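Asker: following is a predicted model, sequence given first.
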Amino acid sequence: MLSVHSISKSYGLQTVLHNISFNLNPGEKTALVGPNGCGKTTLLRILTGNEKPDGGSFSLTPANARLGYLPQGADLPAGVSIAQYLAHMQGDLPALTRELELTAARLAGSPTDPSLQETYDRLLERISAASESAGRAPALLAAFGLDGLPPDLPVTALSGGQKTRLLLAGVLLSNPDLLLLDEPTNHLDMDMLEWLEGWLSASRCAVLFVSHDRTFLDHVATTVLELDPGTHTLRAYPGNYSEYLDQKELERGHQLQAYSDQQDEIARLTLAARRMRSNAVFRKGGKADSGDKFAKGFFANRSLGTNRRAKAIEARIDRLRGEDAIDKPRDAWRMRMEFNGNVETGRDVIVLQDLSIGYAHPLLSGLNAVLRFGSHAALTGPNGCGKTTLLRTIAGVLPSLGGTCRLGKGVHAGYMTQEQEDLDPRANALTSLQRVSNLAETEARAFLHKYLFTGDDVFTPVSSMSYGQRSRLSLACLVAQGANLLLLDEPLNHLDLPSRERFEQALGNFSGTILTVTHDRYFIQRCASHLWEIRNGSLNVQEIS
């Protein structure tokens with residue numbers, strides 16, 4: 001289906017991809033993993049023709065295979081409605097039918113023309129695919145929560161999340177033979193995630209996708225391609241993401257053992273060479289009878305032979321430290337987080353009594369819940385059900401419309417917004433951190449280094465930062481404030497897999513209270529002690545065993 005041969009790409013002196021080669025077979029579901037900035041999106045853009053490689057090539061089999069591509073942060077075409085966009089993506093049946101009629105007329109006049117016959121057959125396939133897509137469109141729109149929108153609504157009127165889901169729906173309706181998906185799980189709730197997992201797993205098309213959702217990776221991927229940020233090379237691992245991690249851990253153990261054995265060998269050879277040198281010196285300096293020429297020659301020859309053996313051993317040591325050296329396994333540079341501060345509060349941290357929330361009109365009413373000290377609760381529910389509105393109300397950003405929302409004694413809440421709109425776009429990382437802390441510049445830069453802001457990165461304006469950088473900066477500011485209640489709205493958005501794992505480890509060590517909006521099922525299973533689920537206008541609270 002897809003063959004990639006020795007693709008390389010650099011930006012100036014910065015190498016991103018080096019000699020990348022792999023094959024993707026029909027029906028295969030392959031995950032592309034690696035930390036942010038390692039070249040995953042660049043590779044997808046090359047495969048779609050949006051960027052040119054510096055070297056190498058790729059090919060599709062057959063050459064006219066249909067390609068579907070979902071980029072990150074893509075824009076919908078201006079001046080079209082939802083219905084017009086979907087018709088364009090799934091194929092305009094009336095236009096295709098007219099084209100088929102014209103081709104049939106031409107074929108009747110030239111029945112032996114192979115190119116006309118090929119065009120006719122291809123049009124028949126496209127009409128069949130478009131008809132199939134038209135039949136599937138209502139169920140697909142419902143799966144992505146778009147079925148309630150008027151078909152004639154301009155796409156410019158949609159929210160950011162709705163636009164992303166419409167783009168994904170359009171790509172799936174285009175009946176591709178090969179799907180390239182860059183972060184398809186963004187803005188999907190749990191029901192949507194499960195639907196997409198089922199669709200991709202059952203689909204006959206090949207899929208190459210980038211995702212930071214580990215449950216999604218486990219349920220969909222049959223192969224994992226790892227882009228190494230150090231060597232910029234690619235390596236394939238059979239199985240899903242968990243199986244990939246197991247293989248990586250096994251490899252690391254083998255490499256660590258080999259490295260340890262080699263260090264022992266170097267130490268042994270170094271000691272042997274040192275002893276030989278000492279023996280050679282002793283023999284050379286030993287006294288013999290001045291008339292005994294045989295003894296002098298014998299010890300001289302022995303000393304020379306010993307020195308030669310010592311040199312041979314030392315040459316072997318040089319090779320073990322040089323061209324034959326086994327590198328010590330290194331941990332990838334990950335975001336380091338420590339949540340400090342005064343965590344002591346009263347027993348009841350958040351108390352909701354008959355709470356009504358919303359803006360001009362109530363979105364949710366009659367909400368009752370208590371979050372105890374030390375609980376780590378996940379707030380879940382379908383998109384648009386009011387999760388962010390509830391979190392904003394608890395944080396005091398939005399006033400309640402009725403009832404009571406109360407924080408307990410000694411509670412100091414830290415609130416992280418979903419799109420980091422609390423950050424001043426004109427500020428940089430250094431000034432943003434200093435605004436919420438008493439850190440001097442040297443201390444602030446050292447603190448930001450834990451969040452992967454190094455060198456002049458601390459002076460990059462927020463407006464010029466990537467989404468991942470903004471997310472890391474928001475986390476840094478939250479930690480610096482010393483909050484004992486963390487209110488987190490989709491904190492894992494834009495974090496790569498290593499950073500997610502480190503973030504979860506930090507949350508696990510946090511002895512305060514947490515309420516976080518998330519759709520990440522792996523995160524919930526690993527970090528949450530309670531589940532707050534909004535469903536059908538009600539808030540249901542349950543303990544996770």
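Answerer: The structure has been received and is ready for your questions.
Asker: per-domain residue ranges of this structure.
Answerer: Here the domain parsing of the chain from automatic domain parsing is 2-247, 250-321, 348-543.
Asker: kindly reformat these as JSON lines containing mean pLDDT.
Answerer: Output for these, formatted as JSON lines (pLDDT from 0 to 100):
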{"stretch": "domain 2-247", "mean pLDDT": "86"}
{"stretch": "domain 250-321", "mean pLDDT": "70"}
{"stretch": "domain 348-543", "mean pLDDT": "88"}
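Asker: measure stretch 213-225 end to end?
Answerer: End-to-end distance for stretch 213-225, by Cα to Cα, to the nearest Å: 15 Å.
Asker: can you list contacts of it?
Answerer: 22, 28-33, 185, 193, 196-197, 200-201, 207-209, 211, 234-244, 497, 500, 520-522 (Cβ atoms under 8 Å, 6 or more residues apart in numbering). C-beta coordinates here come from the backbone N, C-alpha and C atoms, glycine included.
Asker: bridged to the nearest residue to residue 413 once chain neighbours are set aside, which residues?
Answerer: Computed as Cβ to Cβ, 6 or more residues apart in numbering, the closest residue to residue 413 that is not its neighbour in sequence is residue 485, at 4.4 Å. For residue 485, the residues forming beta bridges with it (DSSP bridges) are residue 413, residue 513.
Asker: now residue 485: how far from residue 416?
Answerer: 12 Å (Cβ to Cβ, to the nearest Å).
Asker: same check on residue 360?
Answerer: Residue 360 is 26 Å from residue 416, by Cβ to Cβ.
Asker: of these two, who's got more company?
Answerer: In terms of neighbours (other Cβ atoms under 10 Å), residue 416 is the more surrounded of residue 360 and residue 416; the figures are 22 against 6.
Asker: which residues does that one contact?
Answerer: Taking Cβ under 8 Å, 6+ apart as the test, what residue 416 contacts is 422, 474, 475, 478, 486, 487, 488, 489, 491.
Asker: can you check residue 441 too?
Answerer: 430, 434.
Asker: could you pull out the helices in the stretch 351-500 of the chain for me?
Answerer: For the stretch 351-500 of the chain, applying DSSP state H, counting those that start in this stretch gives helices covering 387-394, 429-435, 441-449, 467-480, 497-509.
Asker: which of these sits closest to residue 56?
Answerer: helix 497-509 (26.3 Å; Cβ to Cβ).
Asker: identify each buried residue in that closest one, please.
Answerer: By 16 or more other Cβ atoms under 10 Å, the buried positions in helix 497-509 come out as 497, 498, 499, 500, 501, 503, 504, 506, 507.
Asker: can you list the domains of the chain in a markdown table and add distance to residue 329?
Answerer: Formatted as a markdown table, the domains of the chain follow (distance: least, Cβ to Cβ, whole Å):
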| stretch | distance to residue 329 |
| --- | --- |
| domain 2-247 | 12 |
| domain 250-321 | 5 |
| domain 348-543 | 15 |
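Asker: by contact count, what packs against the helix or strand residue 84 falls within?
Answerer: Residue 84 belongs to helix 82-90 when assigned by DSSP states H and E. For helix 82-90, the contact count by 3 or more Cβ pairs under 8 Å, 6 or more residues apart in numbering; DSSP states H and E identifies helix 114-143, helix 160-173 as packing neighbours.
Asker: which non-adjacent residue is nearest residue 313?
Answerer: residue 273 (4.3 Å).
Asker: is it true that the one you found lies in a helix?
Answerer: Yes: using DSSP: H, G, I helix; E, B strand; the rest coil, the assignment for residue 273 is a helix.
Asker: now residue 489: how far from residue 380?
Answerer: 12 Å.
Asker: identify the contacts common to the two.
Answerer: If you check residue 489 and residue 380 against Cβ under 8 Å, 6+ apart, the residues they both contact are 387, 517.
Asker: how near is the closest residue to residue 103 other than its chain neighbours to residue 532?
Answerer: Counting by Cβ to Cβ, 6+ apart, residue 120 is the residue found nearest to residue 103 once chain neighbours are left out, at 5.0 Å. Using Cβ to Cβ, we find residue 120 at a distance of 58 Å from residue 532.
Asker: who has more neighbours out of these two?
Answerer: residue 532 (25 against 16).
Asker: isn't the more buried one up against residue 379?
Answerer: Yes: at 4.6 Å, residue 532 counts as touching residue 379 under the criterion of Cβ atoms under 8 Å.
Asker: need the residues touching each of these two.
Answerer: Residues touching both residue 532 and residue 379 (Cβ under 8 Å, 6+ apart) are residue 515.
Asker: that's a strand at residue 21, yeah?
Answerer: Yes: the assignment for residue 21 is a strand, going by three-state DSSP.
Asker: that one contacts residue 234, correct?
Answerer: Yes: under the criterion of Cβ under 8 Å, residue 21 makes contact with residue 234 at 7.2 Å.
Asker: looking at the two, which is more packed in?
Answerer: Ranked by neighbour count (other Cβ under 10 Å), residue 21 and residue 234 place residue 234 first, with 21 against 14.
Asker: on that earlier part again, tell me the buried residues in the helix holding residue 84?
Answerer: For helix 82-90, by 16+ other Cβ under 10 Å, it's 82, 84, 85, 86, 87, 89, 90.
Asker: before we move on, what about stretch 390-404?
Answerer: Buried residues in stretch 390-404 (16+ other Cβ under 10 Å): 390, 391, 392, 393, 394, 395, 398, 400, 401.
Asker: for those residues, give me a markdown table that also has distance to residue 268.
Answerer: Shown next, in a markdown table, are these (distance: Cβ to Cβ, whole Å):
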| residue | distance to residue 268 |
| --- | --- |
| 390 | 65 |
| 391 | 61 |
| 392 | 65 |
| 393 | 68 |
| 394 | 64 |
| 395 | 62 |
| 398 | 69 |
| 400 | 73 |
| 401 | 77 |
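Asker: closest to residue 41 among those?
Answerer: Using Cβ to Cβ, those come closest to residue 41 at residue 391, 29.8 Å.
Asker: quick one: contacts for the closest one?
Answerer: Applying Cβ under 8 Å, 6+ apart, the residues near residue 391 are 379, 415, 487, 489, 515, 517.
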